[in-house]
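*Asks:* got a sequence here, can you build the structure:
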Amino acid sequence: MSKTITAREAAAILGVSPATLYSYVSRGLLSSSGDSGARAKRYAHDDVLRLAARRGDGKRAGHAVAAAMSWGVPVLETRIAQIEEGRLTYRGTDACALARHATLEQAAALLWQPWLDPTSTDAGDDTCGNQHAQSHQANPAAPNMATGTAFPLADGALLAASAGLAPLPRAMALLPLLAATRPEADPWTLLRVVAGLLLGTPASATPLHLQAAQAWGLGSGAADLLRATMVLLADHELNNSAFTVRCAASSGAAMPLVLCAGLAALSGSEHGGHYVAAKAQLRQAAEAETARPGSDAITAMTPGFGHPLYPNGDIRATYLMAALQHYDAQACAPYAALAQRAAAMPGAQPNSDFALAALELVLDLPDGAALTLLAMARTAGWIAHALEQRADGRMIRPRARYVGTFSPE
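*Replies:* You can find the predicted model right below:
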């Protein structure tokens with residue numbers, strides 16, 4: 001039987017007055033037992049200790065940290081990306097504006113700008129974010145990105161040996177080999193090698209959206225859609241995989257292994273896998289005109305719909321759906337209609353998972369290609385987070401709030 005204590009003892013542990021103690025009971029923060037007046041009530045010792053821990057934790061911002069794990073307040077400072085008032089920016093540059101013209105390499109150069117060697121020529125050698133977006137045709141190569149450069153892990157035998165693996169597991173299987181030989185490979189090499197491993201092709205200096213288009217047999221119009229998609233998805237602030245990457249980077253892990261951590265997080269059904277569920281909804285809409293989900297079928301919790309950081313609609317999905325309709329209005333029609341119906345439901349507007357699924361279906365890409373594209377894009381953001389975390393120099397080590405049982409004294 002749990003040990004109980006008196007009201008006076010409980011108030012002393014909590015450091016509050018008896019009146020405040022009784023208010024905790026009335027607010028449901030604490031329960032009491034006993035039949036005779038308030039002062040004779042007894043309180044479970046474990047419950048009192050747990051409430052005391054929570055109150056003390058709250059004074060140290062523990063409640064804020066806990067809330068942040070569920071879409072709450074910020075827990076880390078960053079200069080990489082911001083989501084504010086329905087707008088996504090990379091170092092102050094609007095991501096949608098960047099997506100109109102920039103390549104992923106140019107977006108990466110913007111995200112990595114403080115850590116790039118100023119003496120080298122990279123995919124965006126200016127320091128003003130808006131200039132990065134002026135022309136996606138201009139893509140000066142960094143020295144290690146030059147045509148003909150021998151990239152690590154570009155051996156065809158390695159790719160052939162891992163051909164049976166899905167893109168993300170393949171990259172996670174082979175990146176440790178890079179960590180063993182070049183643990184501090186430069187950002188451009190990392191970006192190119194990861195892209196090659198994900199696509200199952202030798203890494204090269206060809207613009208990444210063109211590499212993906214070639215791997216999937218797409219023309220120039222579709223390639224431009226891939227380009228815009230990767231720019232829009234290059235970073236999304238402190239999402240699950242970015243936080244995982246920062247934790248790994250803060251421990252001093254080799255950069256290729258840091259990216260493995262990001263890929264592992266992205267592979268989860270609650271992260272990158274959300275687009276799979278969204279794709280099922282889109283297929284249903286395409287297969288039958290009568291398949292019109294009602295308000296009870298789509299909510300802000302349905303994968304592909306709603307986003308806590310975009311209460312008025314995910315601007316990435318809005319941009320990409322408009323681009324898809326411009327590319328092939330007929331193929332996109334059933335998905336656009338579903339998006340329009342969902343948009344009428346508060347908080348359930350299509351999000352980026354919806355747009356990725358629509359992209360895969362409209363372009364008739366191999367199953368899972370959208371996740372590959374997301375991983376390629378997000379690698380640019382992960383590298384930025386890893387570099388920023390390393391520059392910060394502090395180990396990420398949040399405290400836990402214990403809510404289990406307490407042994408009797």
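*Asks:* what stretches of the stretch 51-200 of the chain score poorly on pLDDT?
*Replies:* Across the stretch 51-200 of the chain, residues meeting the criterion (pLDDT under 70) sit at 56-74, 118-150, 154-155.
*Asks:* for it, what spans make up the strands?
*Replies:* Assigned by DSSP state E, counting those that start in this stretch, the strands in the stretch 51-200 of the chain fall at 81-84, 87-90, 93-94.
*Asks:* tell me the domain boundaries of this structure?
*Replies:* As recorded under automatic domain parsing, the domains making up the chain are 4-60, 91-409.
*Asks:* how close does Ala163 get to Leu363?
*Replies:* In this structure, Ala163 lies at 23 Å from Leu363, with Cβ to Cβ, to the nearest Å as the measure. The way it works is simple: take the backbone N, C-alpha and C, and place the C-beta from them, glycine included.
*Asks:* next one: Ala173
*Replies:* With the distance defined as Cβ to Cβ, Ala173 ends up 27 Å from Leu363.
*Asks:* pick out whichever of the two has more residues nearby.
*Replies:* Neighbour count, other Cβ atoms under 10 Å: between Ala173 and Leu363, Leu363 has more, with 22 against 15.
*Asks:* backbone dihedrals for the more buried one, please?
*Replies:* Comment: the main-chain dihedrals of Leu363 come out as phi -90, psi 0, following degrees, to the nearest 10.
*Asks:* for it, give its distance to Ala323.
*Replies:* As for Leu363, its distance to Ala323 is 11 Å (criterion: Cβ to Cβ).
*Asks:* just Gln330 next, same as before
*Replies:* Where Ala323 is concerned, Gln330 sits at a distance of 15 Å (Cβ to Cβ).
*Asks:* do the same with Val48
*Replies:* Plainly put, Val48 is 58 Å away from Ala323 if you go by Cβ to Cβ.
*Asks:* more neighbours: which of those two?
*Replies:* Neighbour count, other Cβ under 10 Å: between Val48 and Ala323, Val48 has more, with 23 against 19.
*Asks:* contacting residues for that one?
*Replies:* 5, 10, 13-14, 30 (Cβ atoms under 8 Å, 6 or more residues apart in numbering).
*Asks:* apply 6 Å and report the result again.
*Replies:* The contact partners of Val48, by Cβ atoms under 6 Å, 6 or more residues apart in numbering, come to 10, 13.
*Asks:* any buried residues in whatever helix or strand it lives in, and which?
*Replies:* Secondary-structure element containing Val48, defined by DSSP states H and E: helix 45-59. Of all the residues in helix 45-59, those buried under the rule 16 or more other Cβ atoms under 10 Å are 45-51, 54-55, 57.
*Asks:* I'd like those laid out as a markdown table, including distance to Leu158.
*Replies:* Rendered in a markdown table, the data for the buried residues of helix 45-59 read as follows (distance: Cβ to Cβ, whole Å):
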| residue | distance to Leu158 |
| --- | --- |
| His45 | 60 |
| Asp46 | 56 |
| Asp47 | 57 |
| Val48 | 60 |
| Leu49 | 55 |
| Arg50 | 53 |
| Leu51 | 56 |
| Arg54 | 51 |
| Arg55 | 55 |
| Asp57 | 48 |
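*Asks:* please identify which pair of the residues you listed lies farthest apart.
*Replies:* His45 and Asp57 (18.5 Å; Cβ to Cβ).
*Asks:* picking up where we left off before, the domains of the chain into a markdown table, with extra columns for distance to Gln82?
*Replies:* Shown next, in a markdown table, are those (distance: least, Cβ to Cβ, whole Å):
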| stretch | distance to Gln82 |
| --- | --- |
| domain 4-60 | 26 |
| domain 91-409 | 7 |
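*Asks:* what's around Ala95, how many residues?
*Replies:* 25.
*Asks:* I'd say it and Leu88 touch.
*Replies:* Yes. Between Ala95 and Leu88 there is a contact under Cβ atoms under 6 Å: 4.3 Å.
*Asks:* which residues sit in contact with Thr405?
*Replies:* The neighbours of Thr405, taking Cβ under 6 Å, 6+ apart as the test, are Asp46.
*Asks:* and the pLDDT for it?
*Replies:* If you check Thr405, the pLDDT there is 79.
*Asks:* please report phi then psi for it.
*Replies:* The phi/psi pair for Thr405 (degrees, to the nearest 10) is phi -80, psi 160.
*Asks:* in a strand, that's where Asn322 is, yeah?
*Replies:* Actually, residue 322 is Ala rather than Asn. No. The assignment for Ala322 (DSSP: H, G, I helix; E, B strand; the rest coil) gives helix, which keeps it out of a strand.
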